[in-house]
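**Student:** Sequence first, predicted coordinates after that:
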Amino acid sequence: MARLNWGMIGGGDGSQIGPAHRLGAQADGNFSFVAGALDVDAAKGRAFAQSLGVAEDRAYATWQDMLEGERDRADRPDLVTVATPNATHFEITRAFLQAGFHVLCEKPMTMTVEEGEEIVRLAQQTGRICAVNYCYSAYPMVRQMKAMVDAGELGAIRTVVANFSHGHHAAGDDPDNPRVRWRYDPAQAGVSGQMADCGIHALHLACFVLGDQVERLSADFASTVPARVLEDDAMVNFRTTRGTVGRLWTSTIALGRQHGLDLQVFGEKGGMRWASEQPGQVYLTRLGGRTEIMEKGEAGLSDEAGRLSRVAIAHPEGFPMAVANIYLDLAARIRGEAAGNLPLAEDGLRSMAAVYASVASAGQDGAWIDARPPMFR
């Protein structure tokens with residue numbers, strides 16, 4: 001099967017997320033890296049793209065140059081990944097969708113709910129795929145959890161508990177660290193810090209596994225480091241459309257926690273838990289039974305868990321391969337094959353609506369707020 005062409009914006013040398021995208025896109029032989037505008041420093045970005053094998057005339061100084069240079073080529077990218085700073089996601093994603101490209105955007109997809117609704121409508125109007133990199137939903141054992149919930153193995157879901165809490169921003173005497181500072185600056189991060197950065201990953205993961213959506217929520221935000229304008233710790237209580245009780249904690253000052261993403265699902269017939277630091281395992285406890293450990297790669301798992309497992313049992317695959325699974329599903333969708341679990345623009349919109357609802361609730365001492373985007377009410 002012929003490879004699809006792939007282009008990337010952002011994710012240059014030194015980027016935190018860039019290597020995962022390049023590894024993920026090319027892991028299964030579905031995409032060839034043909035074009036890029038990788039850095040705001042034009043010379044640095046062009047040189048880095050060429051070092052990765054991109055032809056000189058397709059290593060661009062800006063994303064605008066890449067759009068103009070690629071839109072009319074017969075071998076133009078089948079997919080463009082947007083891995084730039086948050087505030088630029090909307091403008092770039094909109095421009096490439098309007099030009100007829102399929103797009104994978106890093107989260108948050110947009111900075112406002114209104115922008116998110118515009119992207120959803122544009123994807124619908126153009127018939128182009130707009131996916132969002134909620135890659136934690138693509139771990140094989142997360143797909144196993146979803147398959148079990150969908151099959152009713154846990155019965156009606158009563159409660160879901162999601163965490164994404166780490167301690168890597170706990171140093172209160174380091175307010176000028178550029179890798180940290182922007183996350184708490186409204187001019188760069190928008191209305192929310194930790195909730196928009198990590199909390200929406202945990203919230204999407206919960207909704208993905210449940211096959212449900214947040215309907216309303218109540219939030220408490222805290223900025224525990226005085227120099228920070230936006231929150232570095234948040235607690236969100238929520239209810240889904242089916243009435244499931246949801247709890248979400250997200251923090252950057254939780255010393256002792258490293259990556260800190262985990263999910264627990266409690267139903268009337270059993271409970272499950274998964275943690276990103278041990279992504280190949282799910283702990284399952286059935287009502288009246290003992291706790292058992294399900295392992296990635298073992299017999300008897302769902303088709304989805306098996307399809308997305310590349311190496312044998314007891315061999316970890318990790319974060320880049322979760323990103324690779326997003327690209328695997330994107331390749332299938334672009335080729336017209338089934339790929340029903342891909343996180344799309346609608347998911348990005350729901351996340352931003354939840355962020356704004358959380359900000360509003362926290363500003364009203366935890367008042368319960370409708371968390372649905374206006375277009376979905």
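**Tutor:** Here it is on my side, so go on.
**Student:** Would you confirm that Leu97 contacts Cys105?
**Tutor:** No. With contacts counted by CB atoms under 8 Å, Leu97 stays clear of Cys105, the gap being 9.7 Å. Where C-beta positions appear, they are placed from N, C-alpha and C, glycine not excepted.
**Student:** Need the residues touching each of the two.
**Tutor:** Counting by CB atoms under 8 Å, 6 or more residues apart in numbering, the contacts common to Leu97 and Cys105 are Cys130.
**Student:** for the stretch 251-377 of the chain, which spans come out with low pLDDT?
**Tutor:** For the stretch 251-377 of the chain, the stretches flagged by pLDDT under 70 are 339.
**Student:** same thing but at 90, please
**Tutor:** By pLDDT under 90, the low-scoring segments of the stretch 251-377 of the chain are 310-318, 338-341.
**Student:** Which residue ranges of it form strands?
**Tutor:** Along the stretch 251-377 of the chain, the stretches classed as strands by DSSP state E, counting those that start in this stretch are 261-267, 270-275, 281-286, 291-295, 369-370.
**Student:** helices and strands around the last one, which ones?
**Tutor:** Other helices and strands packing on strand 369-370, by 3 or more CB pairs under 8 Å, 6 or more residues apart in numbering; DSSP states H and E, are strand 214-222, helix 345-362.
**Student:** Can you get me a residue count around Gly256?
**Tutor:** Counted by other CB atoms under 10 Å, the residues lying close to Gly256 total 9.
**Student:** Of all residues in this protein, which one is nearest the centre?
**Tutor:** Tyr134 (2.1 Å; CA atoms, centre = their mean).
**Student:** Just give me the neighbour total for the nearest residue to that one once chain neighbours are set aside.
**Tutor:** Setting aside the residues directly before and after it, Tyr134 is nearest to Pro343 in space (CB to CB, 6 or more residues apart in numbering), at 4.1 Å. Counted with other CB under 10 Å, the burial measure for Pro343 works out to 23 neighbours.
**Student:** Would you check that Pro343 makes contact with Ser137?
**Tutor:** Yes. Counting by CB under 8 Å, Pro343 sits close enough to Ser137 to count as a contact (5.9 Å).
**Student:** hey, what's in contact with both of the two?
**Tutor:** Both Pro343 and Ser137 are contacted by 204, 208, under the criterion CB under 8 Å, 6+ apart.
**Student:** Count the neighbours of the residue nearest to Leu342 when sequence neighbours are not counted for me.
**Tutor:** Spatial nearest neighbour of Leu342, chain neighbours left out: Asp329 (4.6 Å); criterion: CB to CB, 6+ apart. By other CB under 10 Å, the residues close to Asp329 number 21.
**Student:** Next one: Asp329 from Ala171, what distance?
**Tutor:** Taking CB to CB, to the nearest Å as the criterion, Asp329 is separated from Ala171 by 38 Å.
**Student:** before we move on, what about Val120?
**Tutor:** Per CB to CB, Val120 is found 39 Å from Ala171.
**Student:** Which helix or strand contains Met66?
**Tutor:** Taking DSSP states H and E as the definition, Met66 sits inside helix 63-70.
**Student:** Ile293 against Gly280, yeah?
**Tutor:** No. Taking contacts as CB under 8 Å, Ile293 lies outside contact range of Gly280: 9.8 Å.
**Student:** Settle it for me: which of these two has more neighbours?
**Tutor:** Counting neighbours by other CB under 10 Å for Ile293 and for Gly280 shows that Gly280 has the greater number, 22 against 11.
**Student:** which residues sit in contact with the residue nearest to that one when sequence neighbours are not counted?
**Tutor:** Taking CB to CB, 6+ apart, and ignoring the residues beside it in sequence, Gly280 has Lys296 as its nearest neighbour in space, at 3.8 Å. The neighbours of Lys296, taking CB under 8 Å, 6+ apart as the test, are 140-141, 279-281, 305, 309, 313, 317.
**Student:** how does it look with 6 Å?
**Tutor:** Contact partners of Lys296, counting by CB atoms under 6 Å, 6 or more residues apart in numbering, are 140-141, 280, 309.
**Student:** again with Ala345
**Tutor:** 119-120, 123, 130.
**Student:** Take those residues and keep only those in helices.
**Tutor:** Residues of these located in helices (DSSP state H): 119-120, 123.
**Student:** Most neighbours out of these, which is it?
**Tutor:** Using other CB under 10 Å as the contact criterion, the top neighbour count among those goes to Ile119, which has 25 neighbours.
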